[in-house]
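Visitor: Just the structure for this:
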Amino acid sequence: MEAITIADDEKFLRQVSREVRFPDKQLLAEVEVVKDYLRTHNCFAMASVQLGIPKRIVVIKSTSSDCTPNEEKDWLVLINPEIVNQCGKTEFWEACKSGMTNFGLVERPYSIDLNYFDINAKKHRQTFKGFVCTVISHELDHLEGIFHMDRAKELIQLEESKRIEYRKQHPYKIISTDCHFEYPPLNRNFDIDDSNEIKKS
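Guide: Here you go, the predicted model:
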């Protein structure tokens, strides 16, 4: 299975994913679909909508900025995740299996308080700090039909094979650990100019 891309069906990817309602007989199989994809692809995480399942399901595979995978037993499955508080500010050059070659510099919170359910319908509240916040925040955007391109301060086109080296030269950056964080308005109407920076229209 391959991820749906914006070239395949952007309208599908732009939908707001629906809540999982427990009990859900399909949930375990749907989580396994996401895990199967993560086992065979190099990426930090995946939202199920990217694989054709428009439910609020996210699986986090890697929580390090070099994309080193965690052991599978430590993968984090988030059902109906909801950020209840966020603060601080970071920057990272983000990409996406559904976003094709779009590679963007995105500001994210440094710390988030997250409510979510596990696959057994048990509710959790957990605080995440550092790079994992970028990974989780990126995936939660997918549940709202939002892409990293919509939030990018700068946007370039870069093939996956060149991103590791680019990130070595432009690593994850912590701007503040405790400032107020709020996303700027989404930028869904942009072109890429000759300098590879966003040109708002």
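Visitor: and the nearest residue to Asn80 once chain neighbours are set aside, how many residues sit next to it?
Guide: Leaving aside its chain neighbours, Asn80 sits nearest to Arg56 (4.8 Å; criterion: C-beta to C-beta, 6 or more residues apart in numbering). (Glycine included, C-beta is placed from N, CA and C.) By other C-beta atoms under 10 Å, 23 other residues sit near Arg56.
Visitor: Run through the strands of this structure in chain order.
Guide: 45-47, 57-60, 76-94, 102-108, 111-117, 123-129, 154-157, 173-180, 190-192, 198-200 (DSSP state E).
Visitor: Of the ones you listed, give the one that comes closest to Asp8.
Guide: strand 102-108 (14.4 Å; C-beta to C-beta).
Visitor: other SSEs contacting the closest one?
Guide: Applying 3 or more C-beta pairs under 8 Å, 6 or more residues apart in numbering; DSSP states H and E, we find strand 102-108 packed against strand 76-94, helix 131-143, helix 148-151, strand 154-157.
Visitor: Go through stretch 56-74 and flag the buried ones.
Guide: 56-63, 65, 69 (16 or more other C-beta atoms under 10 Å).
Visitor: Now the two most distant members of these.
Guide: Arg56 and Ser65 (25.4 Å).
Visitor: that older thread, what are the neighbouring residues in contact with the residue nearest to Asn80?
Guide: By C-beta atoms under 8 Å, 6 or more residues apart in numbering, the contact set of Arg56 is 17-20, 79-81, 143.
Visitor: Name the spans of this protein whose pLDDT lies under the cut-off.
Guide: 189-201 (pLDDT under 70).
Visitor: can I get the helices and strands packed on strand 102-108 in JSON lines with distance to Ala45?
Guide: Shown next, in JSON lines, are the helices and strands packed on strand 102-108 (distance: least, C-beta to C-beta, whole Å):
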{"stretch": "strand 76-94", "distance to Ala45": "8"}
{"stretch": "helix 131-143", "distance to Ala45": "5"}
{"stretch": "helix 148-151", "distance to Ala45": "12"}
{"stretch": "strand 154-157", "distance to Ala45": "21"}
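Visitor: closest one to Ile119 among the ones you listed?
Guide: Nearest to Ile119 among those is strand 76-94 (5.7 Å), distances taken as C-beta to C-beta.
Visitor: That closest one to strand 111-117, inter-axis angle?
Guide: Taking axes from the mean of the first three to the mean of the last three C-alpha atoms, to 10 degrees, one finds strand 76-94 and strand 111-117 inclined to each other by 150 degrees.
Visitor: could I get strand 76-94 in PDB with only the CA atoms?
Guide: Backbone C-alpha positions of strand 76-94 (Å, rounded to 0.1, in the frame of the first residue of the first chain) are rendered in PDB as follows:
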ATOM      1  CA  LEU A  76       2.700   5.400  20.000                       C
ATOM      2  CA  VAL A  77      -0.900   4.800  18.900                       C
ATOM      3  CA  LEU A  78      -3.100   7.900  19.300                       C
ATOM      4  CA  ILE A  79      -6.900   7.500  19.000                       C
ATOM      5  CA  ASN A  80      -9.000  10.700  18.900                       C
ATOM      6  CA  PRO A  81      -6.000  12.900  20.000                       C
ATOM      7  CA  GLU A  82      -6.600  16.400  21.100                       C
ATOM      8  CA  ILE A  83      -4.100  19.100  22.100                       C
ATOM      9  CA  VAL A  84      -5.400  20.900  25.200                       C
ATOM     10  CA  ASN A  85      -2.400  23.200  25.800                       C
ATOM     11  CA  GLN A  86       0.700  24.100  23.900                       C
ATOM     12  CA  CYS A  87       3.600  26.500  24.400                       C
ATOM     13  CA  GLY A  88       7.100  27.300  23.300                       C
ATOM     14  CA  LYS A  89       8.300  27.500  19.700                       C
ATOM     15  CA  THR A  90      10.500  25.300  17.400                       C
ATOM     16  CA  GLU A  91      11.300  25.100  13.700                       C
ATOM     17  CA  PHE A  92      11.900  22.100  11.500                       C
ATOM     18  CA  TRP A  93      12.000  21.400   7.800                       C
ATOM     19  CA  GLU A  94       9.000  19.100   7.300                       C
END
